[in-house]
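Visitor: fold the following, please.
(one chain, ligands or ions: 1)
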Amino acid sequence: MAPAFDTQPVTAPRLRVGRWRAAGLLAVLIAYLAATAYVAHTDLGLQSLVLVAAVFGILAISLDLVAGMLGLYSLGQGGFFGIGAYATTILANDYGWNVFGLLALVLAATGLIGMAVGAMSLRVSGLYFAITTFIFTLVLTVLATDMVTVTGGLQGLLGPAFPDFPTNLEWLGTPLVWCIMLALLACLGLVWNIRHSPLYPILLSIRDAEPFAEAAGARTAAIKVGIFGVSAAMAGGAGWLFSFLGVVSPSQFDWSVSLNVLVMVLIGGINTSVGPVVGAMFVSMFPNVVNINPWLQEIVYGALSILAITLLPDGVVGIARRALARRAGEIAPAADAAPDEALPAAPTVASAASPKDSEVIVECRGIEFGYGLGPKVLRNVDLAVRRGHIHGLIGPNGSGKSTLANVISGRLTPHAGEVLLKGTRVDGMPASSRSRLGLRRTFQAAQLVKELTPTQNVMVGLFDRVPRIVGRAPLWPMLASGRRDLAAMQRRASEALGLVGAGDWTSRQVADVPHGIEQLTQLASVCVAGPDIIVLDEPATGLSAKEVRHLAAILANLKTQGVTMIIIEHQTRFLFPLCDRVTVLNAGEVILTGSAAEVRADPVVRQVYLGE
Ligand SMILES: Nc1ncnc2c1ncn2[C@@H]1O[C@H](COP(=O)(O)OP(=O)(O)OP(=O)(O)O)[C@@H](O)[C@H]1O
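Guide: Numbers count the residues shown, from 1 in each chain. Got it, this is the predicted structure:
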């Protein structure tokens, strides 16, 4: 089993913001509170304009949390918003419930409903996910329209009054202004904290490279459902706030509102800290600020929205952030160096002694597997890999090697047979649980998050080595334990990149690094967790001869540290010198297991695979 996560440095580093940045943040906070105080004392017209924009800002943040970080384009936000507003209005007006008690109820109820809707909708993804959440909003709108005696039908209901300040706080002005603006600040803070926690690279890896996150031990379905619940609760909370702004009616929560919120996020900048709020301000304030003929106004608004979305794919804030980062030299230009030049010298190869009679650490017995109703891809496959060995898996294209790797690592469940890791039967276990038994894997096509740095990607590999990442994320930078663990994770990730020879590439985006460095980053992301067993699926694909030699040296070094490896590879000249044993698959069946020399000498293998 991998060693426990070492949390050195023992003392938590201070919050990682420079002096100027801290002063800037403080100035922004003071300006925000001053602006809130101004709005709290101004006329009702301006108040209502700002407050509607702020409530929609919260709604847009709730959507960005799932759309930007998880790629789940929910059209259910309008529905959760409506539930919050109607529940507050009906229970406060008709039953006299305390509005603050209702806030807790709304957050809990919409969070739970969100998790239930999420659990059902997450069986599908992309467009189908959007459609299922759209149907949720549609059904709620129809109910709100038809249940006239409860909801007031199309005319809606007048929302409850927001409680006044106690007399000693009346000097603060309108209490609802403070409540909404502080709620917006809290939502911005929550998302900022998540973006500065190690949960952020994990969420992006669930979005862009889910098998990678699963293989690192993340229960991706549970995380998606949980985050969707938080997003729904935030949208419900926005509905609670909205109920105090006037009339609550179906047109304010229908599917077009969900779409409008998506437009806000896209215009402002998806997956940015303040972009959704900027988008919400633009969309909700536009009709009042540009006060022209209504139909001309719609045309101008539509044209501006289309232009913003098509010309600014990162949104207004995304573009501004990139420009600032370029000026500050944070985004390095794309790498010019050829991969060969990019790679440092290979590490020294220590002698790779093979423990001859070590225990069997990975075992497959009688594995049968086929995709859907198609023919069997694996037939009665037996495989025994000894601790500390490098076990090669070769065979012609389509012979079932990657399928077997997926069965061993938990992405696929065999139809028959058993998989054992360290003597424990695991064939019913998800990939995330197998990683806790010390198994890690790489993928044929590198599974990484392109917009993150190699260091951030490698940190994903530490997911199940660091306690309570998900639970602490909403407060992460504010917790001493969070800052300490993040520093330790960054240090471990940089070390792992250094060990595989990619230490010079830690701060560029993966999108800007050569293919060889991507492959090494994948390898570092598994090595960082100190695994006992690594399954590598065609690690040498696309590498130059020099890079392949470098990779061979790294794998031989890993072997000297006692790591067991199963390597799927077509390049036998690279693979055979590393291997203790080689298994040959052909059309889903094992045709031979033996030493590299035995395999090379076998006439059937020579004919079937080596083409001789
Ligand atoms: N997701 C899938 N759905 C249906 N069939 C699949 C799927 N993945 C693989 N197959 C089929 O299963 C068979 C085995 O594929 P697999 O990728 O395991 O072979 P392989 O030996 O790894 O091939 P290669 O060396 O080309 O990577 C092939 O016939 C392939 O077309």
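Visitor: the nearest residue to Val139 once chain neighbours are set aside: neighbour count?
Guide: In space, and not counting its chain neighbours, Val139 is closest to Gly79: 7.9 Å by C-beta to C-beta, 6 or more residues apart in numbering. The way it works is simple: take the backbone N, C-alpha and C, and place the C-beta from them, glycine included. Other residues within reach of Gly79, judged by other C-beta atoms under 10 Å, total 33.
Visitor: next one: Gly114
Guide: Neighbours of Gly114 (other C-beta under 10 Å): 33.
Visitor: OK, contacts around it?
Guide: Gly76, Phe80, Phe228, Gly229, Val230, Ser231, Ala232, Ala233, Ala235, Gly236 (C-beta atoms under 8 Å, 6 or more residues apart in numbering).
Visitor: so the second one sits in a helix?
Guide: Yes - remark: Phe80 belongs to a helix, assigned using DSSP: H, G, I helix; E, B strand; the rest coil.
Visitor: how close does it get to Met115?
Guide: 11 Å (C-beta to C-beta, to the nearest Å).
Visitor: what of the fourth one?
Guide: Using C-beta to C-beta, one gets 4 Å for the distance from Gly229 to Met115.
Visitor: quick one on the thing from earlier: and the contacts of Gly114 as CSV, adding pLDDT, distance to the ligand and secondary structure?
Guide: Shown next, in CSV, are these (pLDDT from 0 to 100; distance: C-beta to the nearest ligand atom, whole Å; DSSP: H, G, I helix; E, B strand; the rest coil):
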residue, pLDDT, distance to the ligand, secondary structure
Gly76, 94, 30, coil
Phe80, 97, 35, helix
Phe228, 96, 26, helix
Gly229, 97, 30, helix
Val230, 97, 32, helix
Ser231, 97, 30, helix
Ala232, 97, 32, helix
Ala233, 98, 36, helix
Ala235, 98, 35, helix
Gly236, 98, 38, helix
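Visitor: quick check: the farthest pair among those?
Guide: Gly76 and Val230 (13.5 Å; C-beta to C-beta).
Visitor: what about the nearest residue to Ala216 once chain neighbours are set aside, neighbour count?
Guide: Excluding its sequence neighbours, the residue lying closest to Ala216 (C-beta to C-beta, 6+ apart) is Phe463, at 4.5 Å. Using other C-beta under 10 Å, Phe463 has 26 other residues around it.
Visitor: who are the contact partners of Phe463?
Guide: Per C-beta under 8 Å, 6+ apart, neighbours of Phe463: Pro198, Ile202, Ala213, Ala216, Gly217, Ala218, Ile469.
Visitor: before we move on, what about Arg436?
Guide: Gly217, Asp464.
Visitor: and it, what's its pLDDT?
Guide: In this model, Arg436 is scored at 88, pLDDT.
Visitor: other residues contacting the helix or strand where Ala183 lies?
Guide: Using DSSP states H and E, Ala183 sits within helix 175-195. Helix 175-195 is contacted from outside by 32, 36, 39-40, 47, 50-51, 54-55, 57-58, 61-62, 64-65, 69, 162-165, 169, 172, 200, 203, 234, 237, 241, 244-245, 273-274, 277, 473-478, using C-beta under 8 Å, 6+ apart.
Visitor: got a quick PyMOL command for the buried subset of those residues?
Guide: Buried residues within the contacts of helix 175-195, by 16 or more other C-beta atoms under 10 Å, are selected in PyMOL with:
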select buried, resi 36+39+40+47+50+51+54+55+57+58+61+62+64+65+69+162+200+203+234+237+241+244+245+273+274+277+473+474+476+477
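Visitor: of the contacts of helix 175-195, which ones also sit close to the ligand?
Guide: Residues of the contacts of helix 175-195 in contact with the ligand (C-beta under 6 Å from any ligand atom): none.
Visitor: just to revisit the earlier point, against which helices or strands is whichever helix or strand comes after the helix holding Ala183 packed?
Guide: Using DSSP H and E, the next helix or strand after helix 175-195 towards the C-terminus is helix 199-208. Applying 3 or more C-beta pairs under 8 Å, 6 or more residues apart in numbering; DSSP states H and E, we find helix 199-208 packed against helix 44-70, helix 210-215, helix 220-242, helix 454-460, helix 469-472.
Visitor: 6 Å instead?
Guide: On a contact count with 3 or more C-beta pairs under 6 Å, 6 or more residues apart in numbering; DSSP states H and E, helix 199-208 meets helix 44-70, helix 210-215, helix 454-460.
Visitor: got CSV for those, with mean pLDDT too?
Guide: Converted to CSV, the helices and strands packed on helix 199-208 look like this (pLDDT from 0 to 100):
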stretch, mean pLDDT
helix 44-70, 96
helix 210-215, 93
helix 454-460, 95
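Visitor: pick out the residue of the stretch 201-350 of the chain closest to the ligand.
Guide: Across the stretch 201-350 of the chain, the shortest distance to the ligand (C-beta to the nearest ligand atom) belongs to Pro211, at 12.0 Å.
Visitor: can you get me a residue count around that residue?
Guide: Pro211, neighbours per other C-beta under 10 Å, totals 17.
Visitor: and the pLDDT at the closest residue to it other than its chain neighbours?
Guide: Leaving aside its chain neighbours, Pro211 sits nearest to Gln447 (5.6 Å; criterion: C-beta to C-beta, 6+ apart). Per-residue pLDDT puts Gln447 at 90.
Visitor: surely Ile61 is in contact with Pro276?
Guide: Yes - between Ile61 and Pro276 a contact is recorded at 4.9 Å, counting by C-beta atoms under 6 Å.
Visitor: span of stretch 36-47 from start to end?
Guide: End-to-end span of stretch 36-47 (C-alpha to C-alpha, to the nearest Å): 10 Å.
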